[in-house]
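1. Sequence first, then the predicted structure:
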There are 2 protein chains.
Amino acid sequence: MSTDFPAKPRIAIIGAGALGCYYGARLARAGFDVHFLCRTGRAAVMAHGIRVKTPTERIHIRKPQVYATVEEIGLCDLVVVALKATANDQLPRLLPPLVGEHTLVLTLQNGLGVEEPVAEVVGGRHVLGAICYNGSYRTAPGVIVCTLPGLMMIGEFGRPVQERTRAVAALFNKAGVKTDAHENLEEQRWKKLVWNVPFNGLAIAAGGVTTNVLLADDGMRLLARRLMEELVDAAAKFGHVIPRVFVDAQFERTEKMGVYRPSSLIDFEDGRAVELEEIWGEPVRRAKSVGVPVPRLEMLYWLIKRLLAARDNRIRKR
Amino acid sequence: MSTDFPAKPRIAIIGAGALGCYYGARLARAGFDVHFLCRTGRAAVMAHGIRVKTPTERIHIRKPQVYATVEEIGLCDLVVVALKATANDQLPRLLPPLVGEHTLVLTLQNGLGVEEPVAEVVGGRHVLGAICYNGSYRTAPGVIVCTLPGLMMIGEFGRPVQERTRAVAALFNKAGVKTDAHENLEEQRWKKLVWNVPFNGLAIAAGGVTTNVLLADDGMRLLARRLMEELVDAAAKFGHVIPRVFVDAQFERTEKMGVYRPSSLIDFEDGRAVELEEIWGEPVRRAKSVGVPVPRLEMLYWLIKRLLAARDNRIRKR
């Protein structure tokens, strides 16, 4: 495993959605050499730059380096995949021009099974994953509102932490993103699901509600806990121990978030792709593969799938 | 147990909704002495009568005997409770003026635990229950469209069939309602839930869809089957054997119904009360009381409860 991650890396951000712009803008403001692949809304981003509003500051990258194709960007030291997992069919076309012998590819995608499609294209030894506890949404091309800067957990795909993992974590920390290198990326992914599965899922299945509405409803609270317990049981079979106190903490954390609209609900209501398979489908399949019953998780998966199909039908009919 | 049910009974129909009008109109047309309690839309019903359109015939009762209060109706031989279970708090006021020593009270309500509130008011020995496999809806006061005449199953509350049970069944058969007297009313109620729980429930939880949409979706089909299996397991603990072939038949039957909008969905979308506790809540409680896990049924109960709360909130805000 190469350990010589450069001090001044050439960085590509693939996807200029909320997370791509948020992390890219922070890296650019810290003086790093950041190149954005931005296919929709590029003219606006070139004209007005990238603006990020956080609870404590405003970042404005006036002249971001913005590209229409990956060929124009060319070889990089670090490629940040900030596309939705639902766009992963584009990876075989997008990644090769950016990736050389020593390039690291860091996927920010949510859920389980998101490193595998990257590894298939570039080879597993190049791949890192990040779990982003961050609440951001895009209001217009290049215009991001971050309600919750949160933190990032970086890990290697199927390996413990390397020198380079710490180097990438240090890079983000320098850019003002609180980042840790974690020994077990997969375990962190299961832990993130403990929040994402119930809160993103029930926000959609309960008719489009914010997390405070879920927390105020006894049935939804209990259901969220049951869903978490199913995930904890499944994760345990894969050797990941998620303590009870972690489950409890999700409720406390969510209480503090107030009127919070989970990202999958925003995607659902705005007619965008939802990470159905990564957040709900893949954990169901993995749990079943090791004989752990996850009836509520599976039911939630099926319900969201159906609601999405109906939504897409309505969109087509417009 | 009294066996002398009169050949020409005095009949009260409490509630002039879809089922009350449907069965009342059939009985009236067959020449029986039928008295309708009709509180909302009474003027329209008095002016235009009751009209029932079935797939094969049109029934018009030009001058139904319609009343604003049960006191005006007075003592009857048979009282048919055609109110929603959600209106059962009115029973202590509505039933006593109608019920004497030999009066039978037949509740048409859906779900589990619907005989108990009647029995509390009039005494269990007066009580019969009916399970109505009938698809009818009201388009205006006294105007009923019946898409599925179906059949009725009558049974005694906590007793096997009596002479009088057969007499009441015969009465409905004479009125053109295919009716059987069943030894075990409770078992029939569980069997009806095998259809009602998944199809009424998922029609609501899946965003307001007709049964053909549920049947065309692999996840919803499988989920419907799992919900049915949970009910079968719970019913078995109470000594009710629901065979696999009965479960299979529900799918075949529903296929034949085409684009069918279950009654709970109609109630949900039209802003009316939904029999949440009788169809979903009570089976959950009974299953848990005998240690049968019903995770999907409980999840469906919680989801519908939340969706109903949100709907009622929207209605209040209008």
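-> Arrived safely. The structure presented is a predicted model; accordingly, all values stated were derived computationally and were not measured. Numbers count the residues shown, from 1 in each chain, chains lettered A, B, ... in the order given.
2. Name the next helix or strand downstream of the helix or strand harbouring A:Arg189, please.
-> For A:Arg189, the element it lies in under DSSP states H and E is helix A:185-195. Using DSSP H and E, the helix or strand that follows helix A:185-195 towards the C-terminus is helix A:201-205.
3. buried ones in that next one?
-> A:201-205 (16 or more other C-beta atoms under 10 Å in any protein chain shown). Using the backbone N, CA and C atoms, a C-beta is placed for each residue, glycine as well.
4. Just name the closest of these to B:Val177, please.
-> Comparing those against B:Val177 with C-beta to C-beta places A:Ala205 closest, at 38.9 Å.
5. Next to chain B in this structure, residues from the stretch 101-250 of chain A, please.
-> Within the stretch 101-250 of chain A, the positions near chain B by C-beta under 8 Å from any C-beta of the partner chain are A:205-207, A:209, A:213, A:217, A:219-220, A:222-223, A:226.
6. Pull out the buried members of these.
-> Burial of these was assessed by neighbour count (16+ other C-beta under 10 Å); the buried members are A:205-207, A:209, A:213, A:217, A:219-220, A:223, A:226.
7. show me where chain A has strands.
-> Applying DSSP state E to chain A gives strands spanning A:10-14, A:33-37, A:50-53, A:58-61, A:65-67, A:76-81, A:99-107, A:127-140, A:143-156, A:179-181.
8. Name the nearest of the buried ones among the residues of the stretch 101-250 of chain A next to chain B relative to chain B.
-> Using C-beta to the nearest C-beta, A:Gly219 is the member of those that sits closest to chain B, with 3.2 Å.
9. domain parsing for chain A?
-> What automatic domain parsing lists as the domains of chain A is A:10-183, A:187-313.
10. would you turn those into JSON lines with mean pLDDT?
-> Supplementary listing: those in JSON lines, determined by pLDDT from 0 to 100:
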{"stretch": "domain A:10-183", "mean pLDDT": "96"}
{"stretch": "domain A:187-313", "mean pLDDT": "97"}
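11. and stretch A:123-131, how far apart are its ends?
-> For stretch A:123-131, the first-to-last residue distance is 20 Å (C-alpha to C-alpha, to the nearest Å).
12. Name the surrounding residues that touch that stretch.
-> Stretch A:123-131 is touched from outside by A:1, A:99, A:103-109, A:114-115, A:118-119, A:152-158, A:165, A:168, A:179, A:185, A:188-189, A:192, with contacts defined as C-beta atoms under 8 Å, 6 or more residues apart in numbering or on different chains.
13. and if you look at stretch A:301-317?
-> Outside stretch A:301-317, the residues that touch it by C-beta under 8 Å, 6+ apart are A:201, A:204-205, A:268, A:271, A:274, A:276, A:280-281, A:284, B:205-207, B:209, B:213, B:217, B:219-220, B:222-223, B:303.
14. Narrow those residues to those in helices?
-> The subset of these located in helices under the criterion DSSP state H comprises A:201, A:204-205, A:268, A:276, A:284, B:205, B:213, B:219-220, B:222-223, B:303.
15. Make JSON lines from these and add distance to B:Arg311 to it.
-> Supplementary listing: the ones in helices among the contacts of stretch A:301-317 in JSON lines, determined by distance: C-beta to C-beta, whole Å:
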{"residue": "A:Gly201", "distance to B:Arg311": "20"}
{"residue": "A:Ile204", "distance to B:Arg311": "17"}
{"residue": "A:Ala205", "distance to B:Arg311": "15"}
{"residue": "A:Phe268", "distance to B:Arg311": "19"}
{"residue": "A:Leu276", "distance to B:Arg311": "25"}
{"residue": "A:Val284", "distance to B:Arg311": "29"}
{"residue": "B:Ala205", "distance to B:Arg311": "13"}
{"residue": "B:Val213", "distance to B:Arg311": "20"}
{"residue": "B:Gly219", "distance to B:Arg311": "24"}
{"residue": "B:Met220", "distance to B:Arg311": "21"}
{"residue": "B:Leu222", "distance to B:Arg311": "27"}
{"residue": "B:Leu223", "distance to B:Arg311": "22"}
{"residue": "B:Leu303", "distance to B:Arg311": "12"}
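16. Let me know the closest of the residues you listed to A:Ile61.
-> Taking C-beta to C-beta as the measure, A:Phe268 is the one of these closest to A:Ile61, at 29.5 Å.
17. Filter the contacts of stretch A:123-131 down to the buried ones, PyMOL style.
-> Those of these that meet the burial criterion (16+ other C-beta under 10 Å) are gathered into one PyMOL selection, given here:
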select buried, chain A and resi 99+103+104+105+106+107+108+109+114+115+118+119+152+153+154+155+156+157+165+168+179+185+188+189+192
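18. can you pull the contacts of the residue nearest to A:Trp195 when sequence neighbours are not counted?
-> Computed as C-beta to C-beta, 6 or more residues apart in numbering or on different chains, the closest residue to A:Trp195 that is not its neighbour in sequence is A:Gln250, at 5.1 Å. With contacts defined as C-beta under 8 Å, 6+ apart, the neighbours of A:Gln250 are A:194-195, A:228.
19. Roughly how far does A:Gln250 sit from A:Asn134?
-> 16 Å (C-beta to C-beta, to the nearest Å).
20. Now tell me what touches stretch A:26-33 from outside.
-> Where contact means C-beta under 8 Å, 6+ apart, the residues beyond stretch A:26-33 that reach it are A:8-11, A:13, A:34, A:50, A:52, A:59, A:61, A:64-65, A:171-172, A:174-177.
21. Need the buried ones from the residues you listed selected in ChimeraX.
-> Listed next is the ChimeraX selection for buried residues among the contacts of stretch A:26-33, using 16+ other C-beta under 10 Å:
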select /A:9,10,11,13,34,50,52,59,61,64,65,171,172,175,177
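22. In this structure A:Asn212 contacts A:Lys256, no?
-> No. Using C-beta atoms under 8 Å as the test, A:Asn212 is too far from A:Lys256 to be in contact (10.5 Å).
23. which one of these two has more residues nearby?
-> Higher neighbour count among A:Asn212 and A:Lys256: A:Asn212, with 14 against 9, using other C-beta atoms under 10 Å in any protein chain shown.
24. Look up how far B:Gln109 lies from that one.
-> The gap separating A:Asn212 from B:Gln109 is 36 Å, by C-beta to C-beta.
25. same deal with A:Leu231?
-> Summarising the geometry, the distance separating A:Leu231 from B:Gln109, computed by C-beta to C-beta, is 39 Å.
26. before we move on, what about A:Leu215?
-> In this structure, A:Leu215 lies at 34 Å from B:Gln109, with C-beta to C-beta as the measure.
27. A:Asp312 - how many residues pack around it?
-> For A:Asp312, using other C-beta under 10 Å, the count is 12.
28. so what does the helix holding A:Arg189 touch, helix or strand wise?
-> Helices and strands touching helix A:185-195, as assessed by 3 or more C-beta pairs under 8 Å, 6 or more residues apart in numbering or on different chains; DSSP states H and E, comprise strand A:127-140, strand A:143-156, helix A:218-237, helix A:244-257.
29. closest to B:Gln90 out of the domains of chain A?
-> That would be, of these and by C-beta to C-beta, domain A:187-313, which comes in at 26.7 Å.
30. end to end, how far does the closest one reach?
-> 36 Å.
31. For the domains of chain A, give me CSV that also has distance to B:Arg39.
-> Conversion of the domains of chain A to CSV gives the following (distance: least, C-beta to C-beta, whole Å):
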stretch, distance to B:Arg39
domain A:10-183, 50
domain A:187-313, 32
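32. In contact with the nearest residue to A:Leu94 once chain neighbours are set aside, which residues?
-> For A:Leu94, the nearest residue in space outside its immediate sequence neighbours is A:Val70; the separation is 5.2 Å by C-beta to C-beta, 6+ apart. Taking C-beta under 8 Å, 6+ apart as the contact definition, A:Val70 lies against A:12, A:14, A:37, A:93-95, A:97-98.
33. Kindly give a single PyMOL line that selects the buried subset of those.
-> PyMOL command restricting these to the buried ones, with burial defined by 16+ other C-beta under 10 Å:
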select buried, chain A and resi 12+14+37+94+95+97+98
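34. still on that earlier bit, most neighbours, which of the contacts of A:Gln250?
-> The member of the contacts of A:Gln250 that has the most neighbours, counting by other C-beta under 10 Å, is A:Met228 with 25 neighbours.
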